[in-house]
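1. A structural model of the following input is requested.
(one chain, ligands or ions: 1)
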Amino acid sequence: MKDETNDAERLDDYSYTTIQLGVWRLLLPVELTSSQWSPLARFSFSRLGKWDGLSPALLIWRFVHPWLNLMLFALTFASAVEGTLLLYASSRLLRTVETGLVTGRPDIQAIWHAVLLRVFCTALTSTSRWARGWVAPIRRRRIISHFEDYIFQETLRLDISTIKGFQLAGQIIFTAHQPNGGIPLTLLALVSPILTTILRQVSWKHPFLYYASNLDYIRLRTLKAIGSETYREEITSGNIGSWVLDEYKRARHALGTISDASPHTQMTTTTNPVSRIFQALSADLPTFYWAASVVADPSGFSITSFAILQQHAQAIRGTVSTLFYHFSRVAATVNALQYLYKLADVTNKVVDGDESYPNSTLSTDKGMAFELRNVSFAYPGGKSKENAIRNLSLKILAGQLVVIVGTNGSGKSTIIKLLNRLYDVDSGEILVDGIPIENYRLSDLRKAQALLTQDHKLFPLTLAENIGLGNPERVNDMQMVLQAAEAGGAAELIKKLEDGVQTTLSPVQTAYGYRLEKYKTLQSMLENMEKEADVSEGEKQRLVAARTFMRFLSGGIRFAVADEPSSALDPKAEHQLFQRLRESGDGKTLIFVTHRFGHLTKHADLIICMKDGQAVETGTHKELLALGGEYSELYNVQAQAFSEDTG
Ligand SMILES: Nc1ncnc2c1ncn2[C@@H]1O[C@H](COP(=O)(O)OP(=O)(O)OP(=O)(O)O)[C@@H](O)[C@H]1O
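-> Here you go, the predicted structure:
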């Protein structure tokens with residue numbers, strides 16, 4: 001057994017080669033690295049790992065933008081003249097040889113000078129191409145970061161009803177900035193060097209594993225995932241948009257210009273100057289061979305002018321096709337940019353107010369009071385012909401315990417969304433503490449509300465942050481986080497986990513593997529990286545409930561909602577949750593949306609029974625039972641089932 005462990009450790013140490021490429025760590029089985037890479041390729045690899053992030057030049061460029069741009073401008077200018085330079089060197093070589101042939105006395109020294117000039121020009125242009133391939137990705141990273149930040153900020157700003165039409169903007173701009181055809185300056189670099197081709201063939205046909213090893217990059221990816229539409233409701237209602245944006249900016253700053261292009265792209269675009277020089281020189285071998293032949297046997301005939309003509313034609317063909325390609329990319333990029341900048345002109349449909357909450361004269365310490373006057377509402381873009389809420393009028397007094405019941409799709413959750421101002425009513429009005437809801441500053445209003453809904457999800461962050469975000473200002477207050485975990489019924493679960501509150505249940509995916517079946521070490525590494533902690537839906541719901549309690553602990557909550565949070569909870573957990581919510585409900589108006597009749601409905605100050613977007617009955621449990629209408633029908637179905645079960 002001991003031996004096996006030692007073997008496994010040895011295998012871990014020696015079975016793969018590690019290469020750092022920007023934010024990625026690439027692992028390749030060692031047998032492939034030793035037997036199938038050419039010496040040149042291995043030379044490139046060993047250099048690649050060291051360059052990224054360590055070069056003083058990189059660090060300077062990272063902070064001094066003008067230099068970066070100046071450098072790229074100079075290199076681009078060099079690319080414009082390098083064709084002419086090479087052509088001049090070739091022509092000079094050919095003419096020197098031709099003169100020798102015509103006069104019958106080849107000037108060997110002049111020929112060697114011409115050959116050296118050609119070698120020098122080739123080395124010079126290859127180095128400048130290599131330098132461009134090095135500078136351009138950094139600039140590309142900067143440009144993409146700029147637009148990514150812009151899109152991220154703008155999409156966080158937009159509310160739910162406004163955002164739908166602009167989901168495509170991000171995709172379009174990134175497509176236009178793909179490394180293989182995005183930034184015109186990158187496009188100027190000439191392609192298909194032999195070495196790069198070898199690298200591509202060797203490393204991407206064979207098994208590999210790569211994963212993001214840069215913590216700032218993982219954080220950035222995580223925050224981007226949180227900024228997506230999946231978490232829109234939590235972000236908006238939880239008022240944590242600015243926390244997400246601040247964290248995002250911090251991670252972006254920390255990441256700097258380290259490349260996040262895929263290892264594939266990085267390996268095919270980043271090679272070293274020596275390999276570049278070799279590649280370019282290898283293309284000239286026929287010319288050198290021909291020159292050597294002439295030296296060896298000057299009597300042979302040369303069609304110099306034909307060769308020069310051929311080179312001219314080739315150069316012109318190359319320039320023209322590059323220009324055409326370049327122009328088509330510029331047009332596509334300009335279109336994408338125009339589309340992107342439209343984002344900034346979009347204003348939110350839910351307009352912010354300027355009244356602060358609580359109102360010094362109208363608000364009370366008992367909780368938030370609501371009045372709905374003839375409210376109608378249909379979801380923007382919704383397919384239903386019917387309004388989700390129809391001519392709804394009702395009053396909820398400060399500090400009341402309200403229960404909303406009703407059939408599926410009757411509008412229960414929609415009322416909550418309107419009270420949280422996730423949407424604005426189409427007609428009618430909602431008053432909060434006697435003032436129209438639109439008059440209040442959204443951030444003030446949401447700060448005073450706590451929502452716990454069945455749709456609320458866990459973020460791909462640690463459990464500590466997941467709970468702490470109930471109160472973004474105290475997200476790192478571990479004592480408060482643990483207190484909230486206890487109140488939400490999640491303390492036991494946290495104790496069970498190896499990393500406790502620092503566990504990330506479902507991290508964003510940043511590891512990828514290919515054909516690893518034979519390579520057990522790499523395979524199990526990948527599986528470990530992809531592994532999600534096994535927790536049940538009910539346990540997740542307890543964690544989300546803990547986030548709500550964290551919000552309660554912030555103090556200023558005057559209105560709390562639990563919208564069917566109990567669907568995945570066992571009866572004991574559900575009872576505890578309601579008890580705890582009620583206990584912490586002092587000074588708050590509480591609304592429970594539920595399908596279950598029991599303690600809640602019996603204790604409720606007000607029950608609202610919804611049907612087809614309307615409140616068909618309102619009153620206490622006793623009053624509604626006495627009515628013998630919709631509520632009593634719903635109640636009796638459950639009561640009957642219960643008595644049949646126990647009977
Ligand atoms: N985001 C949305 N877009 C379009 N229509 C929606 C959206 N959310 C809800 N609806 C529609 O609005 C109506 C009311 O939905 P709501 O979620 O308020 O019902 P509910 O009473 O809470 O239902 P349930 O008991 O099933 O949770 C339904 O017809 C529903 O299909």
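
2. could you count how many residues lie near residue 109?
-> Counted by other Cβ atoms under 10 Å, the residues lying close to residue 109 total 9. For every residue, glycine as well, the C-beta is placed using N, CA and C.

3. please, which helix or strand holds it?
-> helix 108-157 (DSSP states H and E).

4. does anything pack onto that helix? Which helices or strands?
-> Contacts defined by 3 or more Cβ pairs under 8 Å, 6 or more residues apart in numbering; DSSP states H and E place helix 108-157 against helix 56-63, helix 65-103, helix 167-176, helix 184-187, helix 241-255, helix 263-269, helix 273-296, helix 304-345.

5. got the residues of the stretch 1-150 of the chain near the ligand?
-> Within the stretch 1-150 of the chain, not a single residue sits near the ligand (Cβ under 6 Å from any ligand atom).

6. show me the shaky parts of the stretch 1-150 of the chain.
-> Scanning the stretch 1-150 of the chain with the threshold set as pLDDT under 70 gives 1-15, 30-69, 72, 76-77, 79-81, 83-84, 143, 146-147, 150.

7. the ligand contacts on the stretch 151-300 of the chain?
-> Counting by Cβ under 6 Å from any ligand atom, the stretch 151-300 of the chain has no residue next to the ligand.

8. actually the stretch 401-550 of the chain, not the one I typed
-> 406, 408, 409, 410, 411, 412, 413, 414.

9. now with 8 Å, please.
-> 406, 407, 408, 409, 410, 411, 412, 413, 414, 415, 417, 454 (Cβ under 8 Å from any ligand atom).

10. my read is residue 562 is in a helix, agree?
-> No: secondary structure of residue 562 (DSSP: H, G, I helix; E, B strand; the rest coil): strand, not part of a helix.

11. hmm, residue 588 and it touching each other?
-> No: assessed by Cβ atoms under 8 Å, residue 562 is found out of contact with residue 588, at 11.6 Å.

12. need the residues touching each of these two.
-> Residues touching both residue 562 and residue 588 (Cβ atoms under 8 Å, 6 or more residues apart in numbering): none.

13. are any of the residues of the stretch 401-550 of the chain next to the ligand buried, and if so which?
-> When those are checked for burial by 16 or more other Cβ atoms under 10 Å, the buried set is 406, 410, 411, 412, 413, 414, 415, 417.

14. redo those residues as a markdown table? Include pLDDT and secondary structure.
-> Output for those, formatted as a markdown table (pLDDT from 0 to 100; DSSP: H, G, I helix; E, B strand; the rest coil):
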| residue | pLDDT | secondary structure |
| --- | --- | --- |
| 406 | 90 | strand |
| 410 | 92 | coil |
| 411 | 93 | coil |
| 412 | 93 | helix |
| 413 | 92 | helix |
| 414 | 94 | helix |
| 415 | 95 | helix |
| 417 | 92 | helix |
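
15. and the two most separated of those?
-> 406 and 417 (15.2 Å; Cβ to Cβ).

16. just give me the closest of the buried ones among the residues of the stretch 401-550 of the chain next to the ligand to residue 141.
-> Distances from residue 141 to these, taken by Cβ to Cβ, are shortest for residue 417, at 39.5 Å.

17. OK, contacts around that closest one?
-> residue 423.

18. repeat that for residue 608.
-> 394, 402, 403, 404, 405, 406, 415, 615, 617, 618.

19. looking at this, it is in a strand?
-> Yes: according to three-state DSSP, residue 608 belongs to a strand.

20. and what about the nearest residue to it once chain neighbours are set aside, helix, strand or coil?
-> Once flanking residues are discounted, residue 608 sits nearest to residue 404: 4.7 Å by Cβ to Cβ, 6 or more residues apart in numbering. At residue 404, secondary structure determined by three-state DSSP is strand.

21. residue 404 and residue 419 touch, don't they?
-> No: Residue 404 is not in contact with residue 419 according to Cβ under 8 Å; the separation is 10.8 Å.

22. between those two, which has more neighbouring residues?
-> residue 404 (26 against 22).

23. where in the stretch 451-600 of the chain is pLDDT low?
-> Those would be 565-571, 585, if you go by pLDDT under 70 across the stretch 451-600 of the chain.

24. rerun that using 80 as the cut-off
-> Low-confidence segments of the stretch 451-600 of the chain (pLDDT under 80): 454-456, 515, 517-518, 530-535, 537, 554, 564-587, 596-600.

25. what ranges do the helices span in it?
-> Secondary structure of the stretch 451-600 of the chain, counting by DSSP state H, counting those that start in this stretch: helices at 463-468, 478-488, 491-496, 520-530, 537-553, 571-583, 599-603.
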